[in-house]
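Undergrad: Following is a predicted model, sequence given first.
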Amino acid sequence: MCYTLYPSTSSDRSFEQGSYAHCSFDRVEDSSPEGGVSKLRYPHRWFVGIGHECSCGFRHLGHGSIDLGFSDPVDWWDEEDNEIEATAELYRLVKSLVDSSATVDLADSWEGASLAGC
């Protein structure tokens with residue numbers, strides 16, 4: 001099982017052929033059975049991973065966390081340099097979309113988790 005991170009945007013910019021050193025993007029169909037996809041509001045939907053893998057290397061909200069955003073570093077989880085760089089790269093991408101007046105949302109969930117009632 002893995003974390004899955006799905007951004008959607010109003011921008012028709014393609015990320016598949018982008019020059020991203022640490023993040024990979026795969027277009028997601030509206031009919032995808034993944035729970036997070038059904039919560040996305042914008043027409044251009046993507047799965048984002050680190051390299052060509054899952055989304056686990058991004059920081060995720062801790063259990064019981066109330067504040068939104070990436071969790072603080074913890075001593076028991078050694079982050080790889082490419083995971084830190086991927087997080088920064090994704091942040092810069094989202095910022096550039098927002099700066100260009102595009103709208104963006106993100107669904108972050110545990111693979112296979114039910115988001116019913118969310």
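TA: Yep, it's here. Residues are numbered from 1 along each chain as shown.
Undergrad: in the chain, which helix or strand is least confident?
TA: Sorting the helices and strands of the chain by mean pLDDT, DSSP states H and E puts strand 104-110 at the bottom, at a mean of 85.
Undergrad: per-residue pLDDT, the residue of the chain most remote from its centre?
TA: Distance from the centre of the chain peaks at Asp75, with 23.3 Å (C-alpha atoms, centre = their mean). If you check Asp75, the pLDDT there is 72.
Undergrad: just Ala21 next, same as before
TA: At Ala21, pLDDT is 88.
Undergrad: right, and it touches Leu90 too?
TA: No: judged on C-beta atoms under 8 Å, Ala21 makes no contact with Leu90 at a distance of 11.7 Å. All C-beta spots, glycine's among them, are computed from the backbone N, C-alpha and C.
Undergrad: The two - which one has more neighbours?
TA: Set Ala21 next to Leu90 and count neighbours by other C-beta atoms under 10 Å: Leu90 wins out with 21 against 10.
Undergrad: Which phi and psi values does Lys95 adopt?
TA: When read as degrees, to the nearest 10, the backbone of Lys95 gives phi -60, psi -40.
Undergrad: How many residues are close by it?
TA: 11.
Undergrad: Next: Glu85.
TA: So Glu85, with other C-beta under 10 Å, has 15 neighbours.
Undergrad: what's the spacing between the closest residue to it other than its chain neighbours and Gly57?
TA: Spatial nearest neighbour of Glu85, excluding adjacent residues (C-beta to C-beta, 6 or more residues apart in numbering): His22 at 4.6 Å. According to C-beta to C-beta, to the nearest Å, His22 stands 9 Å off from Gly57.
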